[in-house]
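Novice: Make a model of this:
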Amino acid sequence: MRRGRGGSRRNAGTRPCPAPTPLNHPPTALRSSVRGPAGAVVAGHGEVAELITTFNSMLDRLETERATSAARALSAQEAERQRIAQELHDEVGQTLTAVLLELKRVADHAPPALGADLHRVQETTRAGLDEIRRIARRLRPGVLEDLGLVSALKALANEFIRPGLAVRHRIDTDLPPLSRDVELVLYRVAQESLTNAARHAGARRVDLSLRRTPAGVELVIRDDGRGIDGAPEGAGISGMRERAPLIGATLTLAPGPDGGTEVRLTVSAHRRSH
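Specialist: Numbers count the residues shown, from 1 in each chain. The predicted structure follows:
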């Protein structure tokens with residue numbers, strides 16, 4: 001009898017407990033409906049439903065804060081670029097202009113043997129002034145605000161055409177609505193890619209395309225230059241990598257199908273910057 005009772009106790013002690021009910025699937029009799037922050041109905045029992053709703057609200061708030069922070073970071077970058085562009089134009093540009101005027105005055109009164117040397121200095125100074133103005137324009141793309149993304153990209157591509165470098169562009173005209181921040185990042189990535197191809201890759205041909213996709217838009221820049229295998233990343237590529245996440249975009253750099261480099265920026269039109 002004692003052993004039987006002991007066996008009963010042992011059986012009772014090893015009886016398996018019922019499986020716990022998942023938080024998002026409480027028993028039907030205890031289930032209640034709570035409307036979440038996005039209007040979705042959250043099913044749960046009392047405190048469980050309230051916890052789910054609070055957690056969802058926290059996630060929504062964090063996502064909003066992340067997007068707002070990214071927009072601020074992008075605006076701060078552009079504000080700094082505009083400040084530098086303004087200083088280049090107002091300070092350095094005006095200084096070089098004054099130097100040119102003074103060189104002309106000196107050249108007009110210099111002996112012929114010195115005139116040729118002064119003329120070369122004038123041309124060098126004038127080339128430096130033109131480069132300063134080009135840099136200032138690239139830092140502050142007023143064409144993007146004045147003409148829109150499609151025309152701005154076409155003008156940008158044409159700006160890089162020169163003897164020995166052909167730049168072709170193919171841009172869809174039925175692009176989905178894009179926020180100002182998205183357009184700005186698309187323009188900057190195209191600008192940096194073209195700059196790298198022209199200055200560092202030794203490319204002879206560059207193809208730029210911006211097409212509509214089911215999810216949004218995709219920007220692709222291909223060149224036939226030296227490629228990026230083993231080459232250290234410069235400030236231009238680092239800047240592209242920093243900008244892409246600010247609008248929730250995906251940036252890839254890889255060898256092109258025919259050599260060279262392919263830069264691909266994929267943007268979802270449903271993720272609009274704040």
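Novice: which SS state does G227 fall under?
Specialist: At G227, secondary structure determined by DSSP: H, G, I helix; E, B strand; the rest coil is coil.
Novice: so when I look at V263, I'm seeing a strand, right?
Specialist: Yes. If the criterion is three-state DSSP, then V263 is within a strand.
Novice: wait, what's in contact with it?
Specialist: V263 makes contact with 189, 193, 219-222, 240, 251-253, according to C-beta atoms under 8 Å, 6 or more residues apart in numbering. Every C-beta, even on glycine, is put in place using the N, C-alpha and C of the backbone.
Novice: at 6 Å what do you get?
Specialist: 193, 221, 253 (C-beta atoms under 6 Å, 6 or more residues apart in numbering).
Novice: just the strands in this structure please.
Specialist: 32-35, 41-44, 166-171, 205-212, 216-223, 250-255, 261-268 (DSSP state E).
Novice: picking that back up, out of the contacts of V263, which is nearest to L184?
Specialist: Set against L184, the nearest of the contacts of V263 by C-beta to C-beta is S193 (14.9 Å).
Novice: wait, the closest one sits on D223?
Specialist: No. Using C-beta atoms under 6 Å, S193 is not in contact with D223; the gap is 7.9 Å.
Novice: And for the residue nearest to P257 when sequence neighbours are not counted, the neighbour number?
Specialist: Excluding its sequence neighbours, the residue lying closest to P257 (C-beta to C-beta, 6 or more residues apart in numbering) is R222, at 7.7 Å. Neighbourhood size, R222 [other C-beta atoms under 10 Å]: 24.
Novice: now L175
Specialist: 18.
Novice: do E262 as well
Specialist: The number of residues near E262, taken as other C-beta under 10 Å, comes to 20.
Novice: check contacts around it.
Specialist: Neighbouring residues of E262 by C-beta under 6 Å, 6+ apart: 222, 254, 256.
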